[in-house]
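Chemist: Need a 3D model of the following:
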Amino acid sequence: MKLDKISEVDTRLFYWFNKFTTGRNCRPIRYLSKTGDGHLYLILGLILFYLDSKHGQLFFYTSIMAYAFEIPLYLILKQYFKRPRPAMTLLNYKALITPSDKFSLPSGHTAAAFLMATIIGYFYPAYIMIALPWATLVGLSRILLGVHYPSDVLVGAALGVSIAALSIAILA
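Modeler: Below you'll find the model as predicted:
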């Protein structure tokens, strides 16, 4: 019964968030979501690797190790939970983008964004005030685009922070 209640609240929150995108231009939200696709993480890591002699290499190696843990775990969790995306279960609802797979829990974009924000915050504390709101907005964009429920995003954020903390503890 408890899972039914969580699912009901999750669905209500999903609809509440999505009322803000109905009939609106969502191009900025799509662009924001794309910043969590992953290619920018590699570019940032390589730039810091070569330009920051103090923390760049350790930042890069910590990030690589973190993603080496996060990606397989994220895929295992997706297959374990097999939670259908909102557009597959909600009547008369169509997502604003086409997701890369059919399952929603956890949000991989959110996990990756919070992983990166956590590692940035550790190595470059002055930038946490940029990285954390950005990661939060990436997660929110996934709800607004209709491909994740709020709990998918919360679990993704927890996964990203946890894996980043583990990687930092091991390497840094």
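
Chemist: count of neighbours near L46?
Modeler: Neighbourhood size, L46 [other CB atoms under 10 Å]: 12. Glycine gets a C-beta too; all of them are placed from N, C-alpha and C.

Chemist: Give me the local confidence score for the nearest residue to it once chain neighbours are set aside.
Modeler: Ranked by CB to CB, 6 or more residues apart in numbering and with sequence neighbours excluded, the top spatial neighbour of L46 is F60, at 7.2 Å. At F60, the model reports a pLDDT of 95.

Chemist: What residues sit buried inside the helix or strand hosting F60?
Modeler: Element membership of F60, judged by DSSP states H and E, is helix 56-81. With burial defined by 16 or more other CB atoms under 10 Å, the residues of helix 56-81 counted as buried are 56, 58-60, 62-63, 65-67, 69-71, 74, 77-78.

Chemist: ok, now how distant is R27 from L75?
Modeler: 29 Å (CB to CB, to the nearest Å).

Chemist: Check P150 too.
Modeler: From P150 to L75 the distance is 21 Å (CB to CB).

Chemist: before we move on, what about L44?
Modeler: In terms of CB to CB, L44 sits 23 Å off from L75.

Chemist: Name the residue closest to the centre of this protein, please.
Modeler: T110 (0.7 Å; CA atoms, centre = their mean).

Chemist: Confirm for me that that one is in contact with W134.
Modeler: No. In this structure, T110 is not within contact of W134 by CB atoms under 8 Å, at 11.4 Å.

Chemist: ok, L132 touching A117?
Modeler: Yes. In this structure, L132 is within contact of A117 by CB under 8 Å, at 5.1 Å.

Chemist: So which of these two has more stuff around it?
Modeler: Per other CB under 10 Å, whichever of L132 and A117 has more neighbours is A117, with 24 against 16.
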